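**Q** Quick one: sequence and predicted model below, then my questions.
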Amino acid sequence: MEYKAPVETYSGKAAEVAIGKGEKVLKIGGESVLPFHFFEGKIENRPRLALEVLDSEPKGWTEWELKPYKDVLADPVAWAKKSLELGADLICLRLVSTDPAGANAPADKAAAVVKEVASAIKSPVIVYGSGDETKDIEVLTKVAEVCAGENLLLGPVAKENYEPIAKAALDHGHCIIAQSPLDINLEKELNVKLLKSFPRERIVIDPLSSALGYGMEYSFTIMERTKHIGVMFGDNTMQMPIIADLGSECARTKQAKESEKQGLLWESITALSLLLAGANILVLRQPESLKLMKEVIEGKI
Amino acid sequence: MILIGESIHIISKHVNDAVKERNPRVIQELAKAQADAGADYIDLNLGPAKRDPEEITQWLVNTIQGVTDLPISVDTLNPVAMEAGLKTCKKRPLLNSASGRTDSKELMLPLAKKYNTDVVISVLTDKGCPPDIDSRIESIMETVALANELGIPNEDIWVDPIILPVSADQKQVREAVEFVGMLADLLPGVKSTVGLSNVSNGTPEELRGILNRTYMIMLGRNGLYSAIADVLDKELVRLNRGELPKIVDLIYKTMDGEPIDLASLSKQEQDYVKTTKVLMAETLYSHAWLES
Ligand code: B12
Ligand code: SF4
């Protein structure tokens, strides 16, 4: 008898989110099969790779993490350009300076930096606030307003602060990152609430990405289940693309701080695992692991 | 379905304070309210009953019996409190509960024989709650066989599959319904019971009722004999009495996967359909399951 490889049927399709404007537009998600299942159907857009850029000089980075960016660390625009030269599809600008536990920089100052970066570079921009739920309302609504029309990907938007930030993003034409604390039921709850006033095609899910050895299996399972539920079984509250913000998580590990090689492997293995789980955007720190992921995606290794 | 009123629970602050002060009023009000609402049994949940187990249990049983003739489900893990309670009951009580745990087999099951009671036997083992349907079956077959050896007939045994919260494990919630459906073949003559409200543990308070009610109907369809439940929930009691046949029918249809036109239904009916789907593990649970 002739052998026939089993082929899954899918009743859903990931939402396709377009970020950036004009010539910069980059499409994310939209696949109608599980990750890398080319043999079963169409993967509209390959996973996108972002490099981190900070809005102020990094603290606590190792020597080898600093090395690729050594001339541009004090200048976010130059840093962003450098990141694109190093092969990134887009950049992820972190507004660490706004953290109330740190420099506590005002919202308008941060918004001006975002505007400058977004106008200077040829890729769309992901913007992460400091993660302080209260301060992020101020910062991200300001960013939304100042950068009206740029179609940024803004986050994190959480259960505690989604209303004002989502409204600002909607009013000024941006996409948002819905973040939930490593819990698929809370992830769905936030999606359901957002979808009442926000279009699905402008939301990206951040389920939190833990590093290898520090709970990566939680992140893997949640991303995998999100794709099963959304793409295979067609639950339309779970079809938004996923962002895996893993570079900084990996960098915090003891192993990454110990040696350059170990740090590179830590980030690359975490990145590869989360790609397999279904991540549509990876946020990385190291150009070398970006290169490796690119080769994986292009089928070279 | 036989309903066992769950409200007299030592975890409740009112009940705990009343016990400390030996104040019968709160306890008797709760017993009376549940009897009036239609309970068939009154559950007396004593928790671990560490202090004065005999004296407290007897006082509570007598306090309840002062206002109602309903039989009592003596609910504790402490065998001393259990024995004191069973001794004091005027009507044939329900021993709640024994399990596959070694201490329970040694200390609780013999009490059921000694006092000729009905007895709840849960699937718990020394390793905790069995993780899937096969290990539940394995556990219950073994414990019931032991009970039979002690001279307890299947007719006196109420099997408890152990209900987990839907917010924690939807698959196990669905499997408990299947398990109840298999009991008649596995252990002919046994009865069954569940701690119904556990299914909604962890869900926001105002949304718990509909989970409890829907699950009761689903389990009832598969032959569940009784449930420890919130009998003060009027809609639950009405559903159980068959006064809301349209809702029951909708839940059955949803269980059978029949296509349902949500738009043609009232908000209440839609909510029952959505809740059934969540309890069947067909849609992923979130606290906002009624909102999408
Ligand atoms: C791995 C992990 C765990 C592991 C920790 C293993 C270990 N100690 O090495 C385990 C599974 C044990 C765990 C348990 C819990 N965790 Co945890 N955990 C994580 C996770 C996924 C990664 C953290 C990490 O290791 N980062 C890398 C290391 C190098 O960085 P680090 O920050 O120095 O990590 C240390 C601390 O984060 C600490 N830690 C881990 N969890 C928690 C929770 C609390 C409340 C505290 C004080 C410390 C702490 O242990 C890490 C290693 O030393 C994060 C999610 C995330 N992506 O950040 C959640 C996270 C930190 N955990 C969280 C929670 C709620 C818990 C629990 C309270 C869950 C519970 N209900 O039992 C427990 C409490 C643990 C405790 N008292 O320490 C929350 C904290 C929310 C908050 N802001 O309060 C997070 C953010 C996830 C979430 N939102 O649910 N966790
Ligand atoms: S490598 Fe990651 S997934 Fe594997 S056992 Fe360790 S922590 Fe778990």
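**A** Great, that's in hand. Ligands and ions are numbered 1, 2, ... in the order given.

**Q** contacts for stretch A:26-41?
**A** A:5, A:7-8, A:10, A:12-20, A:42-45, A:47-48, A:89-90, A:123-124, A:204, A:227-228, A:231-232, A:240-241, A:275-281 (C-beta atoms under 8 Å, 6 or more residues apart in numbering or on different chains). The C-beta positions use only the backbone N, C-alpha and C, and glycine is treated the same way.

**Q** Show me how far that stretch is from its chain's centre.
**A** 17 Å (C-alpha atoms, centre = their mean, to the nearest Å).

**Q** Quick check: buried residues in that stretch?
**A** A:26, A:28-37, A:40-41 (16 or more other C-beta atoms under 10 Å in any protein chain shown).

**Q** same check, this time on stretch A:143-158
**A** Buried-residue list, stretch A:143-158, by 16+ other C-beta under 10 Å: A:143-144, A:146-147, A:150-158.

**Q** could you flag which of the contacts of stretch A:26-41 are buried?
**A** A:10, A:12-20, A:43, A:45, A:47-48, A:89-90, A:123-124, A:204, A:227-228, A:231-232, A:240-241, A:275, A:277-281.

**Q** Give me the below-cutoff pLDDT ranges for the stretch 101-250 of chain A.
**A** Filtered on pLDDT under 70, the stretch 101-250 of chain A yields no residues whatsoever.

**Q** How many residues are close by the closest residue to ligand 1 within the stretch 51-200 of chain A?
**A** Nearest to ligand 1 in the stretch 51-200 of chain A, going by C-beta to the nearest ligand atom, is residue A:181, at a distance of 2.7 Å. Around residue A:181 there are 10 other residues, counting by other C-beta atoms under 10 Å in any protein chain shown.

**Q** Kindly report the same for residue B:176.
**A** 26.

**Q** With residue A:22 instead?
**A** 8.

**Q** Provide the backbone phi and psi angles at it.
**A** phi 60, psi -130 (degrees, to the nearest 10).

**Q** Equivalent analysis for residue B:72, please.
**A** Torsion angles, degrees, to the nearest 10, at residue B:72: phi -110, psi 140.

**Q** on that earlier part again, leaving out the residues flanking it, which one is nearest to the residue of the stretch 51-200 of chain A closest to ligand 1?
**A** The shortest distance from residue A:181 to any non-neighbouring residue, by C-beta to C-beta, 6 or more residues apart in numbering or on different chains, is to residue A:208 (6.2 Å).

**Q** again, but for residue A:276
**A** residue A:35 (5.9 Å).

**Q** Point me to the residue of chain A nearest ligand 2.
**A** residue A:217 (4.1 Å).

**Q** most centrally placed residue in the chain?
**A** Since you didn't name a chain, this refers to chain A. When C-alpha atoms, centre = their mean is applied to chain A, the residue found nearest the centroid is residue A:243 (3.6 Å).

**Q** I was thinking of chain B, sorry if that wasn't clear
**A** Central residue of chain B (C-alpha atoms, centre = their mean): residue B:195, 2.6 Å from the mean position.

**Q** Residue B:163 is in contact with that residue, correct?
**A** Yes. Assessed by C-beta atoms under 8 Å, residue B:195 is found in contact with residue B:163 at 5.7 Å.

**Q** Check for me that the residue nearest to residue A:276 belongs to a strand.
**A** No. With DSSP: H, G, I helix; E, B strand; the rest coil as the criterion, residue A:35 is located in coil rather than a strand.

**Q** Let's see the pLDDT reported for it.
**A** Per-residue confidence (pLDDT) for residue A:35: 94.

**Q** Surely residue B:96 forms part of a strand?
**A** Yes. Applying three-state DSSP, one finds residue B:96 inside a strand.

**Q** before we move on, which element is residue 8 in?
**A** Because you didn't say which chain, this covers chain A. Under the criterion DSSP states H and E, no helix or strand holds residue A:8.

**Q** was after chain B, sorry
**A** strand B:2-9.

**Q** now swap in residue A:83 and tell me
**A** Using DSSP H and E, residue A:83 sits in helix A:76-85.

**Q** count of neighbours near residue 54?
**A** Reading this off chain A. 19.

**Q** that answer is for a different chain, and I need it for chain B
**A** 16.

**Q** Could you look up the SS state of it?
**A** Residue B:54 ends up helix, using three-state DSSP.

**Q** Surely it touches residue B:84?
**A** Yes. Counting by C-beta under 8 Å, residue B:54 touches residue B:84, with 4.1 Å between them.

**Q** From residue A:226, how far off is the closest residue to the residue nearest to the centre of chain A other than its chain neighbours?
**A** Spatial nearest neighbour of residue A:243, chain neighbours left out: residue A:281 (4.4 Å); criterion: C-beta to C-beta, 6+ apart. Distance of residue A:281 to residue A:226, computed by C-beta to C-beta, to the nearest Å: 14 Å.

**Q** Now the common contact residues for the two.
**A** residue A:242.
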